[in-house]
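Visitor: Sequence below, structure please.
(chains A and B)
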Amino acid sequence: MELRLPGGPAWAGPPGTRVGEVLQALGVTMGSDAVLAGEVGGLTVGLGEALGEGGEREIRPLTFADEGGRDAYRHTASHVLAHAVVRLFPGTILGIGPAISDGFYYDFLRSEVFTPEDLPRIEAEMKAIVAADLPLERMVMGRDEAIRLFELRGERFKVELIRGLEPEVPIILYRQGDFVDLCAGPHLPSTGWLKAFKLLSLAGAYWRGDERREQLQRIYGTAYPDSEGLERHLVRLEEARRRDHRVLGRELELFSLHEEAGAGLAFWHPRGGRLRQIIEDFWRAEHRRRGYEILFTPHIARADLWATSGHLGWYKDSLYSPMDIDGVDYLLKPMNCPFHLLIYKSRTRSYRELPLRWGELGTVYRYERSGVLHGLLRVRGFTQDDAHIFCRPDQLEDELHGIVDLARFMLRSFGFSEFEVALSVRDPANKQKYLGSDEDWDRAEAALESALRRHGLPFRREEGEAVFYAPKIDIKLIDALGRGWQGPTIQVDFNLPERFDVTYTGEDGRPHRPFMIHRTVLGSMERFLACLVEHHAGAFPFWLAPVQAKVLPITTRQLDYAGTVAERLTRSGFRAEVDTRSEKIGYKIRAAQLEKVPYMLVVGDREAAAGTVAVRERQGGDRGAMTLEEFLSLIATQGTPVA
RNA sequence: GCUGGCGUAGCUCAGAGGUAGAGCAGGGUCCUCGUAAGACUCAGGCCGCGGGUUCAAUUCCCGCCGCCAGCUCCA
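Guide: Numbering: from 1, shown residues only, chains lettered A, B, ... in the order given. Predicted coordinates:
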């Protein structure tokens, strides 16, 4: 058989040769900081794996920079973790232990609970296993034999896993010393290849993610080929903690949550309120510019309406209990769409008036289980930047294109430039479980896809991910730390137009069913604020900053002048405040800096006499004195976003 | 909802079966100062809520509420 490096030399030899030997013969350097695994015929293979039969194929060396190499590395770390745990805590039953995007975990069943104090002990044991440099031996075993082996060891989850495997799938086990695990691999050749790793946290997790099954204890960790990589990861975690919107939200007085009021209900403070108003004003103006109308609808409606919409059925877990009004049940709205449909139906619609683009900053209430609530990211009452578009089939693609364009424009304006786009479409093998005609689905999916292509946006096509009534586009924002945040969602809805029997009169004088697009750009005001806070680490760009300039008098002598300066700025439409405390200038600067105010205007006797301000930037420091007019023209262009 | 952890002043955190302390923040007085913390002083607490054990509970036990890390789900 013959193997060839991509665009490189070839190797020929007998089947059964190990991947590592082939790579070595081809002059590839292997090791923790070099090549960790290989890829043959599109499959990741461990270096210790013997190559099967096959014609001429490509062999690609994988390092930690490749997903395959990284996963092999971390997956091995998870085995070392499990090995250490069964050594320290005999009788522990193993769940599963995969590599994940930032590290690895392993799930364990054990009657006693792990405590944070156990982690260093387990880590120490892991280091011993690494120091012993135990080779990882890959074994293929008969099904019954494997089941017997794990039954003997009391590993009932492994037995369950094996029983669940398709008969033609080979049962692969990996052994390191006295530790054996069911595992498809691949792995590093030996435990000594692991260099830097750390156990990070403990959590509960259900066996196979099913809450009806046993709850296991999960240990999370991460691993890198060098301590610098691990250190960088830990610094990143620290940075994420530093940006936590729950902490910054309190420190910057943006919002609060109150036990007295109930979990998951947000209170917007004056500073947060300013920010929200700026966002909403910008949102409304941009929507009007793009042909949207703004609607306002109630917060409650008769339960019948939610029966018509179908929410009472398939959405009932998210609804709050009805309230009785004059003997009729009313529900708090979980969505705005039925209301917009009522407005649509308030009179007959002509093909001439389509598309209708109707937006609403609509506050909705959805029950969320207590355990999932999280700051402003997951709440029970929130304001969506919702809109519904009713259009003719021939307008669908342009409308979708326009929405994507609006979404990008808005997000760029708020400082986001990186996105991850997913297009969720039908499962082609299972078409009957979806509402709506084949033709409509094809049209909608094609229109969604072409809207993305026209924008040149790279996207992942996810078959079978669409909900039963709508294909959709989901756009994730990537923040300053590379984390993803759910942003715009665009759905073509095949359910509600039918249920509400909405129509328009076509050129032919006959009723036609319009397409209904459901979309949000920011998601919800609450979640978007959280996202903005974390993305900017609380240091909002000038146009969003709740306080744009803080006037800092050197002594109380300049209080009057400082007041004049602030007033002048306020009258020019900026948000300015004076620090009137009797403190030294260093103290006031520090305070303003911690408040993350973009501009500090220091005014002493010199400035008061000359009618100037000494400008200090949040980043960049002292910019020297300038007249108030000069400062106003400096900030004049910063009052609006630059998309 | 489940598992584990946590809940003491606005914030960060000490403390202990005999009913509480620090730093920062806040108020006051003094200082009037030139680019990241001036001095002194005052006030601030149903020790999350309810029940139990005890002579005595904020401390121990139980329940509830809330928060944190996850599981699951979603805007």
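Visitor: Show which residues not belonging to the strand or helix carrying A:W358 make contact with it.
Guide: Per DSSP states H and E: A:W358 is located in strand A:356-365. Applying CB atoms under 8 Å, 6 or more residues apart in numbering, the contact partners of strand A:356-365 are A:280, A:283, A:287, A:290-297, A:299, A:320, A:332-336, A:339-340, A:343-344, A:349, A:380-391, A:399, A:525. Where C-beta positions appear, they are placed from N, C-alpha and C, glycine not excepted.
Visitor: Inside helices: which ones of these?
Guide: A:E280, A:W283, A:H287, A:F339, A:H340, A:I343, A:Y344, A:E399, A:M525 (DSSP state H).
Visitor: Please, where are all the helices along the stretch 151-300 of chain A?
Guide: Remark: helices assigned in the stretch 151-300 of chain A by DSSP state H, counting those that start in this stretch are A:156-164, A:227-242, A:245-251, A:270-289.
Visitor: Would you mind writing the CA trace of the shortest one as PDB?
Guide: Spelled out, it's helix A:245-251. What follows is helix A:245-251, C-alpha atoms only, in PDB (Å, rounded to 0.1, in the frame of the first residue of the first chain):
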ATOM      1  CA  HIS A 245     -22.300  41.700  32.700                       C
ATOM      2  CA  ARG A 246     -23.900  40.800  36.000                       C
ATOM      3  CA  VAL A 247     -20.900  42.400  37.800                       C
ATOM      4  CA  LEU A 248     -20.400  45.300  35.400                       C
ATOM      5  CA  GLY A 249     -24.200  45.900  35.300                       C
ATOM      6  CA  ARG A 250     -24.200  46.500  39.000                       C
ATOM      7  CA  GLU A 251     -21.000  48.500  39.100                       C
END
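Visitor: Give the other helices and strands that that helix contacts.
Guide: Packing contacts for helix A:245-251, counted by 3 or more CB pairs under 8 Å, 6 or more residues apart in numbering; DSSP states H and E, involve strand A:255-257, helix A:525-536.
Visitor: how about the residues of the stretch 251-400 of chain A near RNA strand B?
Guide: Contact residues, the stretch 251-400 of chain A versus RNA strand B (CB under 7 Å from any atom of the strand): A:257, A:259, A:262-264, A:366, A:368-375, A:377-380, A:382, A:384.
Visitor: tell me, how many neighbours does the residue in the stretch 251-400 of chain A positioned nearest to RNA strand B end up with?
Guide: Closest to RNA strand B within the stretch 251-400 of chain A is A:G371: 1.9 Å, counting by CB to the nearest atom of the strand. Neighbours of A:G371 under the rule other CB atoms under 10 Å: 8.
Visitor: Spatially nearest residue to A:R483, not counting backbone neighbours?
Guide: Spatial nearest neighbour of A:R483, excluding adjacent residues (CB to CB, 6 or more residues apart in numbering): A:A240 at 7.2 Å.
Visitor: Could I get the contacting residues of the one you found?
Guide: A:L481, A:R483, A:E534.
Visitor: which of those count as buried?
Guide: A:E534 (16 or more other CB atoms under 10 Å).
Visitor: Reformat the contacts of A:A240 as JSON lines; add distance to A:M600.
Guide: Below are the contacts of A:A240 laid out as JSON lines (distance: CB to CB, whole Å):
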{"residue": "A:L481", "distance to A:M600": "27"}
{"residue": "A:R483", "distance to A:M600": "30"}
{"residue": "A:E534", "distance to A:M600": "24"}
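Visitor: Tell me the predicted confidence for A:E145.
Guide: The model reports A:E145 with a pLDDT of 88.
Visitor: How about A:I635?
Guide: pLDDT at A:I635 comes out at 94.
Visitor: since we're on it, how many residues are nearby?
Guide: The burial metric for A:I635, expressed as a neighbour count using other CB under 10 Å, is 18.
Visitor: re earlier: and the contacts of strand A:356-365, which of them are in strands?
Guide: A:293-294, A:332, A:381-391 (DSSP state E).
Visitor: Make a PyMOL selection of the buried ones in these.
Guide: Only the buried entries of the ones in strands among the contacts of strand A:356-365 go into this PyMOL selection, using 16+ other CB under 10 Å:
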select buried, chain A and resi 332+381+382+383+384+385+386+387+388+389+390+391
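Visitor: so what's the residue in the stretch 1-150 of chain A that RNA strand B sits nearest to up against?
Guide: Nearest residue of the stretch 1-150 of chain A to RNA strand B (CB to the nearest atom of the strand) works out as A:V113 at 4.3 Å. By CB under 8 Å, 6+ apart, the contact list for A:V113 reads A:Q217.
Visitor: Comparing the helices and strands packed on helix A:245-251, which comes out most buried?
Guide: Ranked by mean neighbour count under mean count of other CB atoms under 10 Å, those are led by helix A:525-536, which reaches a mean of 24.
Visitor: show me where the stretch 1-150 of chain A has strands.
Guide: Taking DSSP state E, counting those that start in this stretch as the test, the strands found in the stretch 1-150 of chain A are A:2-4, A:10-12, A:35-40, A:43-46, A:57-63, A:93-94, A:99-100, A:103-109, A:137-141.
Visitor: Name the residues of the stretch 501-643 of chain A found near RNA strand B, please.
Guide: Proximity of the stretch 501-643 of chain A to RNA strand B, by CB under 7 Å from any atom of the strand, involves residues A:520, A:523-524, A:526-527, A:554-557, A:581-587, A:589-590, A:593-594, A:600, A:602-607, A:614, A:616, A:621-622, A:625.
Visitor: re the thing from before, can I get the strands of the stretch 1-150 of chain A in JSON lines with mean neighbour count and distance to A:E151?
Guide: Compiled in JSON lines, the strands of the stretch 1-150 of chain A are given as follows (neighbours: other CB atoms under 10 Å; distance: least, CB to CB, whole Å):
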{"stretch": "strand A:2-4", "mean neighbour count": "17", "distance to A:E151": "39"}
{"stretch": "strand A:10-12", "mean neighbour count": "14", "distance to A:E151": "42"}
{"stretch": "strand A:35-40", "mean neighbour count": "25", "distance to A:E151": "31"}
{"stretch": "strand A:43-46", "mean neighbour count": "19", "distance to A:E151": "27"}
{"stretch": "strand A:57-63", "mean neighbour count": "19", "distance to A:E151": "35"}
{"stretch": "strand A:93-94", "mean neighbour count": "22", "distance to A:E151": "12"}
{"stretch": "strand A:99-100", "mean neighbour count": "16", "distance to A:E151": "27"}
{"stretch": "strand A:103-109", "mean neighbour count": "23", "distance to A:E151": "16"}
{"stretch": "strand A:137-141", "mean neighbour count": "14", "distance to A:E151": "13"}
